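J.: Just need the structure, nothing else, for what follows:
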Amino acid sequence: MIRDEGADVFGISSDTVDALKKFHKNHRLNFVLLSDTDGKVLAQYGTKMPLLNFSKRHTFVIGPDLIIRAIDKDVDPVRDSEKMAAEIKQLKTKNE
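T.: The predicted model follows:
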């Protein structure tokens, strides 16, 4: 769905690379997971939870110009890909 709109998907987690490999394999994910064990990226995006090295689950749509175009703070893992594909399609239509 999302790739049909010419976009790509990445997940960022504070987990180690080894932990993410296991998670990726166990859940048969079709997107790349990136490790941010020091929490710097999570902090920059405002998703890092205070005092913990965990992140809130948010979805960011970043345009080809690297500007954040949409943020979803109410992520439903089951429906998120449909929702974000529709958001990307709408953003593309506005920019045509």
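
J.: pretty sure Asp4 contacts Ile88?
T.: No. Contact criterion Cβ atoms under 8 Å: Asp4 and Ile88 do not qualify, at 9.4 Å. In short, each C-beta sits where N, CA and C put it, glycine included.

J.: So between those two, which is more surrounded?
T.: Neighbour totals were compared for Asp4 and Ile88, and Ile88 leads with 20 against 9 (other Cβ atoms under 10 Å).

J.: Please verify my assumption that the more buried one contacts Ile2.
T.: Yes. Between Ile88 and Ile2 there is a contact under Cβ under 8 Å: 6.6 Å.

J.: Quick check: neighbours shared by these two?
T.: When contacts are counted by Cβ atoms under 8 Å, 6 or more residues apart in numbering, Ile88 and Ile2 have no shared neighbour.

J.: For the helix-or-strand element of the chain with minimal mean pLDDT, name the packing helices and strands.
T.: Ranked by mean pLDDT, DSSP states H and E, the helix or strand of the chain with the weakest confidence is helix 80-95, at a mean of 85. Applying 3 or more Cβ pairs under 8 Å, 6 or more residues apart in numbering; DSSP states H and E, one finds that helix 80-95 contacts strand 59-62, strand 68-72.

J.: Can you give me the buried ones in that helix?
T.: Across helix 80-95, burial judged by 16 or more other Cβ atoms under 10 Å covers 80-81, 83-85, 87-89.

J.: Just send the residues you listed back as CSV, with distance to His24 too.
T.: Below are these laid out as CSV (distance: Cβ to Cβ, whole Å):
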residue, distance to His24
Asp80, 17
Ser81, 16
Lys83, 22
Met84, 19
Ala85, 21
Glu87, 24
Ile88, 23
Lys89, 27
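
J.: Closest to Phe31 out of those residues?
T.: Checking those against Phe31 by Cβ to Cβ gives Ser81 as the nearest, at 9.2 Å.

J.: Okay, that closest one and Asp4: tell me how far apart.
T.: For Ser81, the distance to Asp4 (Cβ to Cβ, to the nearest Å) stands at 10 Å.

J.: buried stuff in the helix or strand containing Lys25?
T.: Assigned by DSSP states H and E, Lys25 belongs to helix 17-27. Neighbour-count burial for helix 17-27, counted by 16+ other Cβ under 10 Å, picks out Leu20.

J.: Cheers, nothing more for now.
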